[in-house]
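1. below are the sequence and a predicted model for it; my questions follow.
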There are 2 protein chains.
Amino acid sequence: MYAGGVNTPDRLIESTRELLWERGYVGTSPKAIQQHAGAGQGSMYHHFRGKPDLALAAINRTAEEMRAKAETEFTGPGSAIERITAYLRRERDVLKGCPIGRLTQDPDVMADRVLRQPVEQTLAWLRAQLAAILTDGRKRGEFDATLDPTATAATIVAVLQGGYVLARAARSTDPFEQAVNGILTLLAGHSPKRTP
Amino acid sequence: MYAGGVNTPDRLIESTRELLWERGYVGTSPKAIQQHAGAGQGSMYHHFRGKPDLALAAINRTAEEMRAKAETEFTGPGSAIERITAYLRRERDVLKGCPIGRLTQDPDVMADRVLRQPVEQTLAWLRAQLAAILTDGRKRGEFDATLDPTATAATIVAVLQGGYVLARAARSTDPFEQAVNGILTLLAGHSPKRTP
DNA sequence: GTCTATATCGAGATAGAC
DNA sequence: GTCTATCTCGATATAGAC
């Protein structure tokens, strides 16, 4: 109830965000949203045209929030590897997984151009940002020349997304943390300063 | 129709496997399974007690198949890095994702001990196998001492699972392949033979 | 074993009163 | 803006005939 929102449309959006995160699009009913938001049937259909409309508002807000959070770490102080470390080690609700990534498994979301778009864009943006940071780091001599920024960026985002999957399967954050530690160790090994 | 099975129970299981893969547990109805299998209502409920029972049979079969396939690559010829490469680069239906990993996003699956178990076990087994291969590789001098087999194994499985997510979001296999290339390059960089 | 009939419930929405 | 009534389907079965 009262999912953080001030007015009814806001509470409906916040409730939808939470339910989409926990149960996905297919598993979330209008009725469940209404109950979670403490809003009536008529109220919901007054403010939104239906489930897809409400879901779009929820997904957009989540995507925006995700980018804003990542941006503070990406544009923060420190070397490339430090900024990437800050991003990967940020406090997260690991067992709940990624609210955007999980939507890629939702057939009704992926079948809808409009709902799919923020998912597509957000993950593409993440990869691009990390690639830029890696390119920057390579210029500053943090990584050797064999490191491909685009490929490595995809690897890093994949480790996050896959780390969530492993954590959920194990019902433990351990595999997530191991995966993050693993990629950071491997990245450190690509420093030209390394003495084998 | 006729989802590869010979008899009715078999066709029902195969149909369930395909639908679970495409639409998940919540998004798959008994009716859809029956139509896909070309079986009637009564027929399905004669052979299986209901949707969870049928799903369990389907998930178990998928899990078994996944382990069998991975095992041929893990126990194949070649160095540790070669076996890992063979596993990661195997022909896959990348855009469909991992039929086991996707179940971690299914609230009704994760809420059921029995349905959850094969998911949990399969991914744990994968990590353990890769850790063993990495330990072996380190003993043979393929990797330097800083490489942690358990952490790196989690990273590798996460790259796969996350690579699927990125590919689905982009509706392209490119990010998957980039992620795989990225992790393989990073692993190669951890060879003690490397001259920086 | 398979078929059809029937039952209950929830999903997703529209209509019109207040 | 919000509420209640109502509607149509589909989800998920059970029962009993064939």
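-> Arrived safely, thanks for sending. Residues are numbered from 1 along each chain as shown, chains lettered A, B, ... in the order given.
2. tell me the contacts of A:T62?
-> Neighbouring residues of A:T62 by CB atoms under 8 Å, 6 or more residues apart in numbering or on different chains: A:R17, A:L20, A:W21, A:P99, A:I100. Bear in mind the C-beta positions are built from the backbone N, C-alpha and C, glycine included.
3. is stretch A:186-193 in proximity to chain B?
-> Yes - with CB under 8 Å from any CB of the partner chain as the criterion, chain B is reached by stretch A:186-193 at A:L186, A:L187, A:A188, A:G189, A:H190, A:P192, A:K193.
4. list the buried residues of the helix or strand harbouring A:A55.
-> Applying DSSP states H and E as the criterion places A:A55 in helix A:51-74. Neighbour counts over helix A:51-74 (16 or more other CB atoms under 10 Å in any protein chain shown) mark A:51, A:54-59, A:61-63, A:66-67, A:70, A:73-74 as buried.
5. what residues does chain A put near DNA strand C?
-> Neighbours of DNA strand C within chain A, by CB under 7 Å from any atom of the strand: A:T28, A:S29, A:P30, A:K31, A:A32, A:Q41, A:G42, A:Y45, A:R49, A:G50, A:K51, A:P52.
6. tell me which of the residues you listed fall in helices.
-> A:P30, A:K31, A:A32, A:Q41, A:G42, A:Y45, A:K51, A:P52 (DSSP state H).
7. from DNA strand D, how far out is the first one?
-> It stands for A:P30. 11 Å (CB to the nearest atom of the strand, to the nearest Å).
8. surely that residue meets A:M44?
-> Yes - counting by CB atoms under 8 Å, A:P30 touches A:M44, with 6.4 Å between them.
9. after the helix or strand containing A:E82 comes which helix or strand?
-> Using DSSP H and E, A:E82 maps to helix A:80-89. Downstream of helix A:80-89, the first helix or strand assigned by DSSP H and E is helix A:107-110.
10. need the residues that contact that next one.
-> A:25-26, A:55, A:59, A:103-104, A:115-116, A:119, B:22-24, B:27, B:168.
11. mind checking which of these are buried?
-> Of the contacts of helix A:107-110, these count as buried by 16+ other CB under 10 Å: A:25-26, A:55, A:59, A:103-104, A:115-116, A:119, B:23-24, B:27, B:168.
12. filter those down to the ones near DNA strand D?
-> Okay, of these, nothing touches DNA strand D (CB under 7 Å from any atom of the strand).
13. can you tell me which two in the residues you listed are farthest apart?
-> A:I59 and B:R23 (19.2 Å; CB to CB).
14. show me how chain A divides into domains.
-> A:1-48, A:60-188 (automatic domain parsing).
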